[in-house]
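A.B. asks: show me the folded form of this:
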Amino acid sequence: MIEVNIYRQTDERIIGFRVSGHAHYDDPGKDIVCAAVSAVTVGAVNAVESLAGVVSETVMEPGLLHVQLPSIAAAGTAEKTQTILETMEQMLLSIADSYGEFVQIVNAVIE
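C.D. replies: Alright, predicted model coming up:
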């Protein structure tokens, strides 16, 4: 199972996320659930960097993507970043809605 942990501040802003595990929906290379989650999460990291100009601390290994955002001072940058990450979350929720036995999403508040 793929577990997605989304880390939020007390004000609900997303400050990072962690994706771990494998869906085991199909054989490696044919697993559409793993491919979908990977495309959405890696795409979000790339969009945050290219569209919002925010470079996150990222660890990527087989079966793991861990992303921690830096403190964001500029309001426009923060809004763009949050829009991208909230969109990522909605896309992941759609995947989990269809393939819930293979994807679990957990929100955690970090103070």
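
A.B. asks: need the contact list for the residue positioned nearest the centre of the chain.
C.D. replies: Residue closest to the average C-alpha location in the chain (CA atoms, centre = their mean): residue 41, at 4.3 Å. By CB atoms under 8 Å, 6 or more residues apart in numbering, the residues touching residue 41 are 4, 17, 19, 65, 67, 88, 92. All C-beta atoms are positioned from the backbone trio N, CA, C, and that covers glycine.

A.B. asks: what residues does the lowest-mean-pLDDT helix or strand in the chain touch?
C.D. replies: Least confident helix or strand of the chain, by mean pLDDT, DSSP states H and E, is helix 75-98 with a mean of 93. Outside of helix 75-98, the residues within contact range by CB under 8 Å, 6+ apart are 4, 6, 13-14, 17, 33, 36-37, 40-41, 43-44, 47-48, 51-54, 69, 72, 103-105.

A.B. asks: what's the first helix or strand after that helix?
C.D. replies: Downstream of helix 75-98, the next assigned helix or strand under DSSP states H and E is strand 103-109.

A.B. asks: what's around residue 26, how many residues?
C.D. replies: A count of nearby residues for residue 26, using other CB atoms under 10 Å, gives 13.

A.B. asks: wait, it sits on residue 35?
C.D. replies: No - judged on CB atoms under 8 Å, residue 26 makes no contact with residue 35 at a distance of 9.6 Å.

A.B. asks: hang on, the earlier thing: give me the pLDDT for the residue nearest to the centre of the chain.
C.D. replies: Per-residue pLDDT puts residue 41 at 98.

A.B. asks: which residues of this protein score low on pLDDT?
C.D. replies: The model of the chain has pLDDT under 70 over residues 73-75.

A.B. asks: which element is the residue nearest to the centre of the chain on?
C.D. replies: Per DSSP H and E: helix 32-52 holds residue 41.
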